[in-house]
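Colleague: have a look at this prediction, sequence included:
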Amino acid sequence: GESVGLHLPTLSVQEGDNSIINCAYSNSASDYFIWYKQESGKGPQFIIDIRSNMDKRQGQRVTVLLNKTVKHLSLQIAATQPGDSAVYFCAENAGNMLTFGGGTRLMVKP
Amino acid sequence: GAGVSQSPRYKVAKRGQDVALRCDPISGHVSLFWYQQALGQGPEFLTYFQNEAQLDKSGLPSDRFFAERPEGSVSTLKIQRTQQEDSAVYLCASSSLRQDTEAFFGQGTRLTVV
């Protein structure tokens, strides 16, 4: 079936650098996308979302980009901090449920 | 409460034992979801409720899995005759009815079948 996936399982960045986490989706019917952050032992935590009628949305230190032509989603984190270390999931909503990708682990080196 | 609450946080079950996992969603949230998350993987959809109605149970892996939400609030996920492959974190999420709104997750129940 159609699913959401990620290109890189692990991303290691230096503290203060910018991070980019990528995600490919295949369900063209999806019209709503969310990035979640999950720390060890916790449930996924909402970071930022974007609707399919947008191609960019900015939050505090985070930006999500949506390229519907190539079905690609990315999360940019500015000035990455140690507290950003976690697993990041993109999720798509095409109906009544969220479909998650496999996740990218972000490791921030001090 | 302020967020989605799940209990117990940890559960160790002997193979063949039945377990029940509880989810208290955010008050007023119509939609409730159960997900299963294996170690190192993303959450996999199990089932979805709108109020007390179970509208989608396509993700339940076998007939040993059963979920209910009888009064449209608290939900219970029951697993009968647990097997080792059932070991995972079970996440509950709730949201308002609108499709383009975020789902809020609980901390999950880590089930270990020994």
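Modeller: That came through fine. Source: prediction; values computed, not measured.

Colleague: okay, and the closest residue to residue A:45 other than its chain neighbours sits in which element?
Modeller: Residue nearest to residue A:45 in three dimensions, not counting chain neighbours: residue A:37, with 5.0 Å by Cβ to Cβ, 6 or more residues apart in numbering or on different chains. Quick note: C-beta positions are derived from backbone N, CA and C, even for glycine. With the criterion set as DSSP states H and E, the secondary-structure element containing residue A:37 is strand A:32-38.

Colleague: what mean pLDDT does that strand have?
Modeller: Regarding strand A:32-38, the rounded mean pLDDT is 94.

Colleague: within the sheet, what are the partner strands of that strand, with directions?
Modeller: When sheet partners are counted by DSSP bridges, strand A:32-38 sits next to strand A:45-51 (antiparallel), strand A:86-93 (antiparallel).

Colleague: wait, what's in contact with the closest residue to residue B:18 other than its chain neighbours?
Modeller: On the basis of Cβ to Cβ, 6+ apart, the spatially nearest residue to residue B:18 that is not a chain neighbour turns out to be residue B:80, at 5.0 Å. For residue B:80, the residues meeting the contact criterion (Cβ atoms under 8 Å, 6 or more residues apart in numbering or on different chains) are B:18, B:64-66.

Colleague: check residue B:80 and give its pLDDT.
Modeller: For residue B:80, the predicted pLDDT is 98.

Colleague: how much space between it and residue B:88?
Modeller: Distance, residue B:80 to residue B:88, using Cβ to Cβ, to the nearest Å: 16 Å.

Colleague: same question, residue A:49
Modeller: As it turns out, when the distance is counted by Cβ to Cβ, residue A:49 lies 26 Å from residue B:88.

Colleague: again with residue A:99
Modeller: For residue A:99, the distance to residue B:88 - Cβ to Cβ - is 17 Å.

Colleague: returning to what we had before: for the contacts of residue B:80, which one is nearest chain A?
Modeller: The shortest separation between chain A and any of the contacts of residue B:80 is 15.8 Å, and it belongs to residue B:65 (by Cβ to the nearest Cβ).

Colleague: list the beta-bridge partners for the closest one.
Modeller: Assessed by DSSP bridges, residue B:65 has beta-bridge partners residue B:79.

Colleague: also residue B:93?
Modeller: With DSSP bridges as the criterion, the beta-bridge partners of residue B:93 are residue B:33, residue B:105.

Colleague: return the residues in contact with it.
Modeller: Contacts were defined as Cβ under 8 Å, 6+ apart; by that measure residue B:93 touches A:43, A:98, B:4, B:32-33, B:35, B:103-106.
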